[in-house]
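Asker: Sequence first, then the predicted structure, then my questions.
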Amino acid sequence: MSETAKVHKQFLSTKVEHFTESVIREMTRQAMVHGAINLAQGFPDFSAPEEVKRAAQEAVASDINQYAITWGAKSLRNAIARKMRKWQALEIDPEREITVCCGSTEAMISTLLAMCNSGDEVVIFEPFYENYGPDAILSGANPRFVKLRPPASPGAEWTFDENELRKAFHNHTKAVILNTPNNPTGKVFSREELELVRDLCVEFDVIAITDEIYEHIIYDGVKHISMATLDGMRDRTVTINGLSKTYSVTGWRVGWTVAPPEITDAIRKVHDFLTVGAPAPLQEAGAIALDLPQGYYEKLAERYRTRRDHLIPSLAEAGFHCFRPRGAYYVMTDISAFEFADDISFTRHLVSEIGVAAVPGSSFYHDPHNGARQVRFAFCKREQTIDEAARRLKKLRT
Ligand SMILES: Cc1ncc(COP(=O)(O)O)c(C=O)c1O
């Protein structure tokens, strides 16, 4: 390290020393350097719905270009409340219980900053969406991890041990972060599993923060169950969602929290001073998007099912052991069949020599060792992108 670098290092917060830059976003940069097919980061390479794009264009043209109300444009908050009533049968007050943020990413960190004091603990199922680790650290909370174990046989589900979950809860626990449908595993938590979490939340007086951004991307007849709909959880849950995945607009940066009024007040304060507000014209377009008819959501899930069923056989043929997802748009795989030291050296080879970018499993675990035999692929891509990836993956066999 140079002398200047040493001098500069003393100015840095110790918090940032405890996490690295996003590995997922780094893999996207690597894909660009190597001209690789990007099956790493979860963004579609196809168009967003025409009516949603048109609504954004019209909002800009009709001069909705200044700050929206800090906690979200009224039209979007009303649309969120309508959608919660229609899909979850929940009555939400858009004036007191909804905060629109810059993506569900900001919604999560604003929630944790609003809730956590130094030393509070937050229970996180792992493997986990990589943002949750740094989010917990930045908010001063200590993460407690509970393992999701891979399916033992084809057709089985990722599971967790009830006793391990119980042991993670105690009197310093402030919240449990739940992500269903789950990234990276594709697990959709069952009612029984959610009830176990619910019972612990009630017993230990803990809030559930549930990231439900993939709620409409589900397969094989499984049902998405929203934590807030369980008995006793309406006033004990912060539900996080956003436009990114359901409407294929990950670059718009519009997400939200739905939380009881006192928690919403605190989230709104943090959100206000972090970002002031989410993009105003895109919030107006979001209000139109949320009212799309049921058929839109059915088609969305069906198209992703086709892509899943297209990618998995190609991965299996190339030598991966695939854990079939029930929801979200990722396939977690086991790479034990390949002779590589770990997931990092494997994904490096994959991006530079094979021409396909994927995410090393270790980035979803607090102890990298636990993910060293796993690699995640995203299938939110056009059929021809998946075809080309499949063609390139064949080279792994030669
Ligand atoms: C589980 C999960 N939550 C949140 C996000 C980010 O969502 P947003 O674009 O709304 O910030 C992602 C993106 O991949 C995700 O997988």
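Answerer: Great, that's in hand. Everything quoted here is computed from the prediction, not taken from an experiment. Numbering: from 1, shown residues only.

Asker: Could you use CA atoms for every contact and neighbour count after this?
Answerer: Will do.

Asker: Do a quick rundown of the helices in the stretch 201-350 of the chain.
Answerer: In the stretch 201-350 of the chain, the helices defined using DSSP state H, counting those that start in this stretch lie at 261-275, 280-290, 294-318, 343-349.

Asker: quick one: average confidence on the third one?
Answerer: Okay, so that is helix 294-318. What helix 294-318 shows for mean pLDDT is 97.

Asker: Identify the residues contacting that helix?
Answerer: Outside helix 294-318, the residues that touch it by CA atoms under 8 Å, 6 or more residues apart in numbering are 216-219, 246, 321-322, 324, 329, 331, 379-383, 386, 390, 393-394, 396-397.

Asker: Get me the contact residues on the chain for the ligand.
Answerer: 42, 103-105, 129, 183, 211, 213, 242, 244, 250, 253, 255 (CA under 6 Å from any ligand atom).

Asker: Out of the residues you listed, which two are the most distant from each other?
Answerer: Farthest-apart pair in the residues of the chain next to the ligand is Asn183 and Arg253; separation 18.4 Å (CA to CA).

Asker: the more surrounded of these two?
Answerer: Asn183 (28 against 19; other CA atoms under 10 Å).

Asker: picking that back up, now a ChimeraX select for only the buried ones of the contacts of helix 294-318.
Answerer: Burial among those is assessed by 16 or more other CA atoms under 10 Å; the matching ChimeraX selection reads:
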select :216,217,218,219,246,321,322,324,329,331,379,380,381,383,386,390,393
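
Asker: mind listing which of the contacts of helix 294-318 are in strands?
Answerer: 321-322, 331 (DSSP state E).

Asker: beta partners of the residue of the stretch 251-398 of the chain found nearest the ligand?
Answerer: Nearest residue of the stretch 251-398 of the chain to the ligand (CA to the nearest ligand atom) works out as Gly255 at 5.1 Å. Applying DSSP bridges to Gly255 gives these bridge partners: Cys101, Gly242.

Asker: Residue ranges in this structure under the pLDDT threshold?
Answerer: Across the chain, not a single residue meets the criterion (pLDDT under 70).

Asker: And the strands in it?
Answerer: 37-38, 98-101, 121-126, 142-147, 173-179, 207-211, 237-242, 255-258, 321-323, 330-334, 356-357, 359-360, 374-378.

Asker: mind checking which of the ones you listed is nearest Gln10?
Answerer: Of all the strands of the chain, it is strand 142-147 that lies closest to Gln10, at 23.7 Å by CA to CA.

Asker: If we go by neighbour counts, what in the closest one is buried?
Answerer: Those would be 142-147, for strand 142-147 by 16+ other CA under 10 Å.

Asker: Rebuild the residues you listed as CSV, extending it with distance to Ala280.
Answerer: Conversion of those to CSV gives the following (distance: CA to CA, whole Å):
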residue, distance to Ala280
Asn142, 35
Pro143, 34
Arg144, 37
Phe145, 37
Val146, 38
Lys147, 40
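
Asker: and which of the residues you listed is nearest Asp120?
Answerer: Closest to Asp120, out of all of the buried residues of strand 142-147 and judged by CA to CA, is Asn142, at 6.1 Å.
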